[in-house]
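1. Got a sequence here, can you build the structure:
(one chain, ligands or ions: 1)
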Amino acid sequence: MAMYQVHVTTGDTLLAGTNDHVFVTLVGTNGESERTELNNYGIDFRPNQTSTYPVNTQPLGHLLLIKLEISQYLYLPENQWFCSKIVVDTPEGEAVLFPCHRWLTRGEVLELRGAKATKESDDDHPLLIEHRKREVTKRPELYQWKEYTEGIPHITNFEMSELPSEVRFSLSKGLEFTFLKEFTKAELKLKGLFGSEESWECLESMKNTLTFKTSPTAEYVAEHWKDDAFYGYQFLNGVNPSIIRNCPLMPSNFPVTEEMVQPFLEPGTSLQQEIQKGNLFLCDYKSLEGLQTLVVAGNSLPLTAALCLMYLDTAGTLKPIAIQLGQEPSEKCPIFIPSDPELDWLLVKMFVKNADSVIHQIISHLMNTHLLAEVFAVATMRHFPDVHPLYKLLTPHFRYTLQINTAARVVLLGPTGLLSKSSAGNEGTNELMRRYLAETTYSSLCLPDNIADRGLQNIPNFYYRDDGLKLWTAINRFVWAMLGLYYPTDDEVSGDAELQRWIQDIFTKGFLGNRRSGMPESFITVEEVVKFVTMVIFTTSAQHAAVNSGQFDYNSWVPNNPLQLRRAPPTTKGQVTMETILETLPNIGDTVDFIALSSVLHKKYTDSVVLGSYPEERFGEPAAKQIIENFQEELSSIEERIIERNATLDVPYCYLQPSEIENSVSI
Ligand code: FE2
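-> The predicted model follows:
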């Protein structure tokens, strides 16, 4: 006989108690142990606890699998406990780690494999080959795709309440409640204002009422939102740094003349010269043209397919110099310039920010981070068994994705703008996503390519780019090192059928088989896999942080980023009064609604896991652990450099500080 010590570590536990019997069977190359009850009722259900139990059996040889099951004790209510991992000390003195990381359910028999990552071709024992086969057959049956609506990325077939145990994390029970609670709390604080259809009396009264919560950046925004220089700054470092691009050629439907903008250029130069020097930039909201919007009191709310031209002066300041609130220039759609009456200029700038806010929420945030993360998560769950190196590498980056998306899809699509408060509005939202997905390219999702495509390599004070590229490089180095352990040659890539099915599924269900996108549909080289995996990790962590974390800072002062406007845009100059502006801004009730939303969406949850930290220890190999440590060190040094830089700025850019980035899309 031989003695094995089984150490079981729990995660969060609900309904602490001792109502279940827990059995374990150890399976090794020389046979398996008896199905052994860990003890009568002593298993320790307290959270984050490790308890040790002996298993006596004949020597089992090399340990391959652990079977774990729970059965009911009497008719007592079911305990819910999360098993993080099991470590088995063998009589030979080895400690074998079996990662688990899931809630245990009565009646279910879990078969766990050791922590060593393997591809299909690395498995040599018949039991392991058989186990893998069962897993990869079962997974696509369980995790299926659902078409949310035609033309946008597919989503998971699960609703929040029915998510399988391996993608329901400790947050699951609390998430929905926390979400609603926070929302309600914010609501209550603003009580009396909710639901009011009145317009604000003046901007000052809006400011005075909304002092219940703030942040230094939010205060700065409320103070400086009218400044042209801060306006330009926000297209680089605000919540939506994804629209602005260099303007090497004025679009023919935006007939800005030399004469119009001359006064706003530096002396002795011309529009043409500045275009050639690369100092003109454009935000073009063409994709919003003709979208159906919410109808209020018989009128469709306005949403302009605006064009905004910006100029970068020699001091490095970026300012708007011409705005046209539509794609077709006409007498009714004039080009506004900074020397127009002050309130004209302020209002047209608000219309551009309204267009920007809609694109931000629906495209940059919802589709390009939340929905893409969901595509990557579902494909990962469908095609990789637990032991696959990519399952181990990627699942921490999807930890909360399915939970937050299934819980909050309605919230994200719901009050995020004028496009979605009615079924007609949803059609506008869906059409916008359809238009964008049809144009989405692989390079637009890879930051270095994206920056180059938009001609933004040299624009100064672009912290999103500076920090983002450092992170991209660090993630890329990390992924190279990690995948290098498992894919020493390109042959390993083409021979990995699980990997090929994964990318094929992403291409078909996420990007709808669109070859023009340049999205890979298969992998030939290790380099291709590394780039794609870098993009996946960057998107689910850094990119989401960049478009998510600043929402309270930049959106809580609603005139700065109005998700909704009420009156049609101005068609002639010199007519705008302060009353026009107040009637155009959201009414009191909607303003408060948007503030509550920005406050909920930017909230950080207590069980967040920061970028690069892998508390689950899914990789058992020392080499993999070392690579994770190196990655963490690199992130710390990036952190230091960002903190140093931020100390010199009026408005620090913190959204891509590694310690502020979560490993997965989680809110
Ligand atoms: Fe988010």
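2. Every contact and neighbour count from this point should use C-alpha atoms.
-> Will do.
3. Need the contact partners of the host helix or strand of Met260.
-> Following DSSP states H and E, one finds Met260 within helix 258-261. With contact meaning CA atoms under 8 Å, 6 or more residues apart in numbering, helix 258-261 is reached by Ser270, Leu271, Gln272, Ile321, Ala322, Ile337.
4. Mind doing that once more with 10 Å?
-> Applying CA atoms under 10 Å, 6 or more residues apart in numbering, the external contacts of helix 258-261 come out as Leu265, Ser270, Leu271, Gln272, Tyr311, Ile321, Ala322, Ile335, Phe336, Ile337, Pro338, Ser339.
5. from what I can see the second one touches Leu280, true?
-> No. In this structure, Ser270 is not within contact of Leu280 by CA atoms under 10 Å, at 11.2 Å.
6. More neighbours: the two, which one.
-> A side-by-side neighbour count of Ser270 and Leu280, using other CA atoms under 10 Å, places Leu280 first with 26 against 16.
7. Look up phi and psi at the closest residue to the more buried one other than its chain neighbours.
-> Leaving aside its chain neighbours, Leu280 sits nearest to Tyr311 (4.8 Å; criterion: CA to CA, 6 or more residues apart in numbering). The phi/psi pair for Tyr311 (degrees, to the nearest 10) reads phi -120, psi 130.
8. In a markdown table, list the contacts of helix 258-261 along with distance to Val592, secondary structure and pLDDT.
-> Shown next, in a markdown table, are those (distance: CA to CA, whole Å; DSSP: H, G, I helix; E, B strand; the rest coil; pLDDT from 0 to 100):
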| residue | distance to Val592 | secondary structure | pLDDT |
| --- | --- | --- | --- |
| Leu265 | 39 | coil | 97 |
| Ser270 | 45 | coil | 97 |
| Leu271 | 42 | helix | 97 |
| Gln272 | 45 | helix | 96 |
| Tyr311 | 34 | strand | 98 |
| Ile321 | 32 | strand | 98 |
| Ala322 | 31 | strand | 98 |
| Ile335 | 32 | strand | 98 |
| Phe336 | 30 | strand | 98 |
| Ile337 | 31 | coil | 98 |
| Pro338 | 30 | coil | 98 |
| Ser339 | 33 | coil | 98 |
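9. Domains of the chain: list them as residue ranges, please.
-> When the chain is parsed with automatic domain parsing, its domains come out as 2-114, 171-356+553-597, 366-544+610-660.
10. which one of those lies closest to Ile155?
-> Ranking those by proximity to Ile155 (CA to CA) places domain 366-544+610-660 first, at 6.5 Å.
11. Any idea how far apart the tips of the closest one sit?
-> Using CA to CA, to the nearest Å, the end-to-end distance of domain 366-544+610-660 comes out at 20 Å.
12. Numbering from 30 from now on, please.
-> Okay, using 30 as the starting number, the last item reads as domain 395-573+639-689.
13. model confidence over that domain, on average?
-> Regarding domain 395-573+639-689, the rounded mean pLDDT is 93.
14. With adjacent residues omitted, what lies nearest to the residue most central in space within the chain?
-> Residue closest to the mean C-alpha point of the chain, counted by CA atoms, centre = their mean, is His573 at 3.5 Å. Using CA to CA, 6+ apart and skipping the chain neighbours, the partner closest in space to His573 is Thr398 (5.6 Å).
15. that older thread, reformat the domains of the chain as CSV; add distance to Pro169.
-> Below are the domains of the chain laid out as CSV (distance: least, CA to CA, whole Å):
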stretch, distance to Pro169
domain 31-143, 18
domain 200-385+582-626, 23
domain 395-573+639-689, 4
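16. Which of those sits closest to Glu176?
-> Ranking the domains of the chain by proximity to Glu176 (CA to CA) places domain 395-573+639-689 first, at 8.7 Å.
17. roughly how far out does the closest one sit from the chain middle?
-> 8 Å (CA atoms, centre = their mean, to the nearest Å).
18. One more: stretch 637-646?
-> Taking mean C-alpha positions (CA atoms, centre = their mean), stretch 637-646 and its chain are 16 Å apart.
19. Check stretch 313-330 too.
-> A distance of 26 Å separates the centroid of the chain from that of stretch 313-330, by CA atoms, centre = their mean.
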